[in-house]
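>>> give me coordinates for this.
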Amino acid sequence: MSRVVMESPVEARGTMVAALSRASVGVDGLKTRLLGWGRKEPVALLMADRAGMRAVAPGGAPLTEAEIEALCPGAWAAFHAASRHLRG
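Have a look, this model is predicted:
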């Protein structure tokens with residue numbers, strides 16, 4: 001199973017940042033035991049400051065609001081609401 005989640009936003013020096021991460025977990029049954037595994041990797045970074053909101057991929061390429069929503073529905077709106085105080 002794999003899904004993308006928005007991590008808790010962190011704020012410092014007038015900038016708020018939140019990562020979107022893909023979390024994967026699995027379990028395989030063997031004859032006498034279970035084998036479990038997990039993985040977490042970043043897929044996007046949301047940033048907000050006085051100038052507004054923006055998003056980038058892990059490699060630094062810009063991402064659109066639509067791309068963020070495709071990865072994690074509701075994340076853009078939630079981050080926008082959480083960072084509203086930064087824009088005055």
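>>> where exactly do the helices run in the protein?
In the chain, the helices defined using DSSP state H lie at 65-71, 75-82.
>>> quick check: closest non-adjacent residue to Ala19.
Glu7 (4.6 Å; C-beta to C-beta, 6 or more residues apart in numbering). The way it works is simple: take the backbone N, C-alpha and C, and place the C-beta from them, glycine included.
>>> do I have it right that that neighbour meets Ala23?
No: applying C-beta atoms under 8 Å as the test, Glu7 and Ala23 come out as separate, 10.0 Å apart.
>>> please work out which of the helices of the chain is packed deepest.
Of all the helices of the chain, helix 75-82 has the most neighbours on average by mean count of other C-beta atoms under 10 Å, namely a mean of 17.
>>> helices or strands up against it?
Identification of packing neighbours for helix 75-82 by 3 or more C-beta pairs under 8 Å, 6 or more residues apart in numbering; DSSP states H and E yields strand 2-6, strand 15-29, strand 34-49, strand 52-56, helix 65-71.
>>> which of the ones you listed has the lowest average pLDDT?
Note on the helices and strands packed on helix 75-82: lowest mean pLDDT is at strand 2-6, with a mean of 89.
>>> C-alpha coordinates for that strand, CSV please?
What follows is strand 2-6, C-alpha atoms only, in CSV (Å, rounded to 0.1, in the frame of the first residue of the first chain):
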residue,chain,number,x,y,z
SER,A,2,1.3,3.5,-0.9
ARG,A,3,-0.1,6.9,-0.3
VAL,A,4,1.0,10.5,-0.2
VAL,A,5,0.5,12.5,3.0
MET,A,6,1.3,16.1,4.0
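>>> alright, calling it a day.
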